[in-house]
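**Student:** can you look at this prediction? I've put the sequence above it.
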Amino acid sequence: MSKRLDDLRAKLVKEGLDGLIVTRPDNQLYLSGFPGGEYLDATMLVSAEHAWISTDSRYYEEVKQRAKEFTLFEAGYDRNKVMGEFATTAKPKVMGFEMTHLTVATLKDWSKAARKAGFKLKPMAGLVEGQRMIKEPEEIAAIKRAVDLTDRAFAHLCAVIKVGDTEKQAAWIIEKYMRENGADKVAFNLIVAAGPNSALPHAMPGNRKIQRGEPIVVDIGCQIDHYNSDMTRTILLGQPDEQFKKVYDTVLRAQRAAAKKIKAGVKGKRADSFARAVIDKAGFGDQFGHGLGHGVGLAVHEGPRASKLSKDVYQSNMTLTLEPGIYIPGWGGVRIEDLVVIRENDVEILSQASKEPIIKI
């Protein structure tokens, strides 16, 4: 963790900051080993010489065990007291804060506390997230474990799914398998969307029964040791019609085109265009509305991005999903997603689940 803190401190100098207040739980975990909580249960303050975690009694012992490079500030329920105490010790003039995470109410309280303590607050975005984009070997190893379990969970689904199962039942088959085979939890609300529902990119599994010959989008992932996976396959029970064949073939060719050309140095906007060009040429451009992909790590969606608007320039050891899709209202959709690691001259494709869409019944 010390190198991560050193890298952050170097960034603070470049940004003209005397410190940073970190509130995002995944950023806190990355810097300290302490996972924090979902509701601002902990506040982290980092300066050139000091690193504090302020939290309440629910987490005192956990901070002591996990965040050994940090000083524990026992805040109780007073979330503002740490500002004055830290200012007395570190004597900052300008402290950055994570503006994409903080609530207006908390910022109001902190601004008052900062004025009283004699320093200014400056909104910042992406300082820790920028570090997180380039994965360390142990991070990639954890992601690979999650990917492997995701592959196996999908294979299990394909072995037992049948006509008449509901989307909810299929999603539970996957989640149950993941939980029973080593996952800490699912990475997100799993998606099993059949028939017309598969035209909704982020459909929620419902009570619709899976029917013969319709597209079924299965978007799944799990978390192991805090790191996530993300993978999508589109399957069909029975025999496909010509529409399915055309759409599926287009999406698969688009994904392969992107995987073939992406490497370190490629820009996110350009990466998106590799897949989009194939879909546009096939006449489905209006049916591919989202970006090609995103990074995966401590968060399911993190940098870098692959989209029409992305300004990211890829570096070796970044992760990226390649997930082109075509969505036709009233009929359904097809999405195929692999998680890859960007290397100097190509990508390493982590997802190894079968892309054979036809499940024999």
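**Tutor:** Okay, I see it.
**Student:** show me the domain layout of the protein.
**Tutor:** 2-132, 137-359 (automatic domain parsing).
**Student:** how long is the shortest one from one end to the other?
**Tutor:** Domain 2-132 stretches 14 Å from its first residue to its last (CA to CA, to the nearest Å).
**Student:** could the domains of the chain be laid out in CSV, adding mean neighbour count and mean pLDDT?
**Tutor:** Where C-beta positions appear, they are placed from N, C-alpha and C, glycine not excepted. CSV is the format used below for these (neighbours: other CB atoms under 10 Å; pLDDT from 0 to 100):
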stretch, mean neighbour count, mean pLDDT
domain 2-132, 17, 94
domain 137-359, 19, 98
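**Student:** give me the distance between S57 and D41.
**Tutor:** According to CB to CB, to the nearest Å, S57 and D41 sit 11 Å apart.
**Student:** next: E69.
**Tutor:** 20 Å.
**Student:** also S351?
**Tutor:** 33 Å.
**Student:** what does G19 give?
**Tutor:** 20 Å.
**Student:** helix/strand/coil for the spatially most central residue of the chain?
**Tutor:** In the chain, the centroid-proximal residue (CA atoms, centre = their mean) is V300; its distance is 1.7 Å. Following DSSP: H, G, I helix; E, B strand; the rest coil, the label given to V300 is coil.
**Student:** so H50 touches E85, yeah?
**Tutor:** No: contact between H50 and E85 fails when scored by CB atoms under 8 Å: they sit 10.7 Å apart.
**Student:** quick one: the helices in the stretch 251-361 of the chain?
**Tutor:** 268-281 (DSSP state H, counting those that start in this stretch).
**Student:** I should have written the stretch 51-200 of the chain there, sorry.
**Tutor:** 60-66, 81-90, 104-117, 127-132, 137-160, 167-180.
**Student:** export the ones you listed to TSV and tack on distance to N228?
**Tutor:** Formatted as TSV, these follow (distance: least, CB to CB, whole Å):
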stretch	distance to N228
helix 60-66	19
helix 81-90	30
helix 104-117	27
helix 127-132	12
helix 137-160	6
helix 167-180	12
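**Student:** do you know which of these lies nearest A187?
**Tutor:** Taking CB to CB, helix 137-160 is the member of these nearest to A187, at 7.4 Å.
**Student:** and for that closest one, what's in contact with it?
**Tutor:** Under the contact criterion CB atoms under 8 Å, 6 or more residues apart in numbering, helix 137-160 has outside partners 135, 170, 173-174, 177-178, 181-183, 187, 218, 220-231, 233, 235, 296-297, 317, 319, 339, 341, 350-354, 359.
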